[in-house]
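**Student:** following is a predicted model, sequence given first.
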Amino acid sequence: ETAVFQTPNYHVTQVGNEVSFNCKQTLGHDTMYWYKQDSKKLLKIMFSYNNKQLIVNETVPRRFSPQSSDKAHLNLRIKSVEPEDSAVYLCASSSRDWGGYEQYFGPGTRLTVL
Amino acid sequence: GQGVEQPAKLMSVEGTFARVNCTYSTSGFNGLSWYQQREGQAPVFLSYVVLDGLKDSGHFSTFLSRSNGYSYLLLTELQIKDSASYLCAVRDDTNTGKLTFGDGTVLTVKP
């Protein structure tokens, strides 16, 4: 049963365009995350929000900007995409009680930059 | 920072067992989680360990040795459907809940 929803499922775009991804969780969790999973399946944290506050901001290019309107929603905008941005972007959430150990992942958004 | 290492591949036989190893080097450690990821799907949480020793959860068991920076995930009575990538993730000692994932071990279970 899906509880972390992501849109779109797939997105194909050209170099230099802007894209936006959305994530919503219905688990009542406090913390949400954006991960990037590349073609070699390496999963790397990009950002994390706790109750709308940015708490993890890894070293990512400035063209990536997250946004959270409330604790159930997390968006990711990429201005002027580059070919190396092609990847699967996974959203996840966790409860404060679980301390981040148990994270629930959405199905991902697969971005292809031509 | 965190460095998390896993072997890339592992093969085993249906009905037997498989042990997926994970070693880590950290500047701060506050537990380790294991996730399963099937091809084309999202990672799914399996277990986490914070204290040394073996934690038996039935089909999946986990072991941790903090002094050696080592953990393993043990799968018993393997089924074909256990074929998947298994990801080890180390939690740092901040309050952010941040996990650093290993590259994953692709387990293939053969008949």
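**Tutor:** Yep, it's here.
**Student:** next to chain A, which bits of chain B? Give me the list.
**Tutor:** Neighbours of chain A within chain B, by CB under 8 Å from any CB of the partner chain: B:30-31, B:33, B:37, B:41-45, B:48, B:85, B:87, B:91, B:95-101, B:103-104. The C-beta positions use only the backbone N, C-alpha and C, and glycine is treated the same way.
**Student:** and the residue nearest the centre of chain A?
**Tutor:** A centroid search over chain A (CA atoms, centre = their mean) returns A:Trp34, at 3.0 Å, as the residue closest to the centre.
**Student:** ok, it touching A:Leu43?
**Tutor:** No - checked against CB atoms under 8 Å, the pair A:Trp34 and A:Leu43 is beyond contact range at 11.2 Å.
**Student:** say whether chain B is contacted by stretch A:95-104.
**Tutor:** Yes - interface with chain B: stretch A:95-104 contributes A:99-104 (CB under 8 Å from any CB).
**Student:** coming back round to it: which of the residues of chain B next to chain A fall in strands?
**Tutor:** Judged by DSSP state E, the subset of these located in strands is B:33, B:37, B:44-45, B:48, B:85, B:87, B:91, B:99-101.
**Student:** thinking again about what came up before, gap between the residue nearest to the centre of chain A and B:Lys55?
**Tutor:** 29 Å (CB to CB, to the nearest Å).
**Student:** spell out which parts of chain A neighbour chain B.
**Tutor:** A:31, A:33, A:40-45, A:48, A:50, A:55-56, A:90, A:94, A:99-108.
**Student:** if we can go back for a sec, among the ones in strands among the residues of chain B next to chain A, which one has the most neighbours?
**Tutor:** When neighbours are counted by other CB atoms under 10 Å in any protein chain shown, B:Leu99 leads these with 29 neighbours.
**Student:** surely that residue is in contact with B:Arg91?
**Tutor:** Yes - proximity of B:Leu99 to B:Arg91 meets the contact threshold set by CB under 8 Å, at 5.6 Å.
**Student:** give me the common contacts of these two.
**Tutor:** A:100-101, B:33 (CB atoms under 8 Å, 6 or more residues apart in numbering or on different chains).
**Student:** min pLDDT across the residues you listed, which one?
**Tutor:** Scanning the shared contacts of B:Leu99 and B:Arg91 for pLDDT, the low point is A:Gly100. It has 78.
**Student:** list the contacts for A:Met32?
**Tutor:** Taking CB under 8 Å, 6+ apart, one finds A:23, A:25, A:48-49, A:68, A:71, A:74, A:91-93 in contact with A:Met32.
**Student:** low-confidence regions, the chain specifically.
**Tutor:** Let's take chain A. A:1-2, A:97-99 (pLDDT under 70).
**Student:** actually, chain B is the one I wanted.
**Tutor:** B:1-2.
**Student:** and if we set it to 90?
**Tutor:** B:1-3, B:26-30, B:40, B:56-58, B:91-98 (pLDDT under 90).
**Student:** residue in it nearest to chain A?
**Tutor:** B:Gly97 (2.2 Å; CB to the nearest CB).
**Student:** now do the contacts for that residue.
**Tutor:** A:31, A:33, A:48, A:50, A:94, A:99-101, A:103, B:91.
**Student:** which among those gets closest to A:Thr13?
**Tutor:** A:Tyr33 (23.3 Å; CB to CB).
**Student:** so which helix or strand takes in that closest one?
**Tutor:** strand A:31-37 (DSSP states H and E).
**Student:** using the three-state scheme, assign the residue in chain A positioned nearest to chain B.
**Tutor:** Chain A approaches chain B most closely through A:Gly100 (2.2 Å), counting by CB to the nearest CB. Assigned by DSSP: H, G, I helix; E, B strand; the rest coil, the conformation of A:Gly100 is coil.
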